[in-house]
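**Student:** fold the following.
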Amino acid sequence: MSLLSSIEKPKDRAVICTITGDAGLGKTSLAATFPKPIFIRAEDGLQAIPQSTRPDAFPVIQSVDSLWEQLTALVKEDHDYKTLVIDSVTQLDTIFSTNIVETDPKKPRTIAQALGGYGAGFQALSSMHGRVRKAAGVLNERKNMNVVFIAHAETETIELPDADPYTRYNIRMQKKSVSHYIDNVDLVGFMKLETFTQGDGERKKAYSDGTRLLVTYATAANISKNRFGITEDIIVNNGENPLITFIPTLGE
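**Tutor:** Residues are numbered from 1 along each chain as shown. A predicted model of the protein is given here:
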């Protein structure tokens, strides 16, 4: 059989995305509006969702081993969940770092000193995040599950050779690990409050009416992107998934 006979138009598949932003903006609530979700919890963020609409969740992970067990169960066992939510990969970063330090026989004080230093600890940390991303990819490909990574944000200074330094929002975790949740995902969304300024001269005050926006297109202010042609801020309302308008498979 000719290899050319295998050529076809790729079919739509489930979505892999990362939702980041400051604390308390509703990242977990947004993730809960994805189709039939199951939560893997590195932190307990589901208390903000009313019991009547609260999604199913594994017990909060207490160790790295329990995380691998939960991911393996979703991969190998039969279930009807359509979305995996990991809340949050930022807290996973802390759990992984602690594990690497505590399991090092030389008992280093920090991850920078772990595994002999010279960046070995940070590389091991990135590898653990890579394992999470690989498991998510298996669920997406084999079981057609959506995957939502929730992450907390922090500011960082960007220094480019052809531009003045500027500040932007990025995922709060060790830098070598960030790429697992930005590269080769379908959407990275940054949640923020719609903010206005008032006043004259240098003494201006910022205020908001509580409207939450999801930024999913490339911008210098934060890490964000999408593969669905979204070019404008998206308003996020409680209990609704605004991405269904742009990604029809989420409504199926």
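**Student:** just checking: what are the partner strands of the longest strand belonging to the chain?
**Tutor:** Longest strand of the chain, by residue count under DSSP state E: strand 146-158. Neighbouring strands of strand 146-158 in its sheet, by DSSP bridges, are strand 16-21 (parallel), strand 83-87 (parallel), strand 166-171 (antiparallel).
**Student:** flag every buried residue along the last one.
**Tutor:** Of the residues in strand 166-171, those with enough neighbours to count as buried (16 or more other Cβ atoms under 10 Å) are 168-171. C-betas here are computed from N, CA, C, even on glycine.
**Student:** just give me the closest of the residues you listed to Thr83.
**Tutor:** Of all the buried residues of strand 166-171, the one sitting nearest Thr83 is Ile171; the distance, using Cβ to Cβ, is 20.0 Å.
**Student:** go ahead and confirm that closest one touches Ile19.
**Tutor:** No. In this structure, Ile171 is not within contact of Ile19 by Cβ atoms under 8 Å, at 10.4 Å.
**Student:** intersection of neighbour lists for those two?
**Tutor:** By Cβ atoms under 8 Å, 6 or more residues apart in numbering, Ile171 and Ile19 have these common neighbours: Ala151.
**Student:** on that earlier part again, nearest to Asp93, of the strands paired with strand 146-158?
**Tutor:** Closest to Asp93 of these is strand 166-171 (Cβ to Cβ; 8.9 Å).
**Student:** then that closest one to CSV, C-alphas only?
**Tutor:** Extracted C-alpha coordinates of strand 166-171, given in CSV (Å, rounded to 0.1, in the frame of the first residue of the first chain):
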residue,chain,number,x,y,z
TYR,A,166,9.3,45.4,29.6
THR,A,167,7.2,43.4,32.1
ARG,A,168,4.7,40.7,31.2
TYR,A,169,2.7,37.9,32.9
ASN,A,170,3.9,34.4,32.7
ILE,A,171,3.1,31.1,34.5
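**Student:** convert the longest helix seen in the chain to CSV, retaining C-alpha atoms only.
**Tutor:** Identified as the longest helix of the chain according to DSSP state H is helix 120-142. Taking Å, rounded to 0.1, in the frame of the first residue of the first chain, the C-alpha atoms of helix 120-142 are listed here in CSV:
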residue,chain,number,x,y,z
ALA,A,120,20.4,19.0,37.4
GLY,A,121,17.6,19.6,39.9
PHE,A,122,15.8,22.0,37.6
GLN,A,123,16.1,19.5,34.7
ALA,A,124,14.6,16.8,36.8
LEU,A,125,11.8,19.1,37.7
SER,A,126,11.1,19.8,34.0
SER,A,127,11.1,16.1,33.3
MET,A,128,8.4,15.5,35.8
HIS,A,129,6.2,18.2,34.3
GLY,A,130,7.0,16.6,30.9
ARG,A,131,5.6,13.3,32.2
VAL,A,132,2.4,15.1,33.2
ARG,A,133,2.1,16.6,29.7
LYS,A,134,2.8,13.2,28.1
ALA,A,135,0.0,11.6,30.1
ALA,A,136,-2.4,14.4,29.1
GLY,A,137,-1.5,13.9,25.5
VAL,A,138,-2.3,10.2,25.8
LEU,A,139,-5.7,11.0,27.2
ASN,A,140,-6.3,13.5,24.5
GLU,A,141,-5.3,11.1,21.7
ARG,A,142,-6.6,7.8,22.9
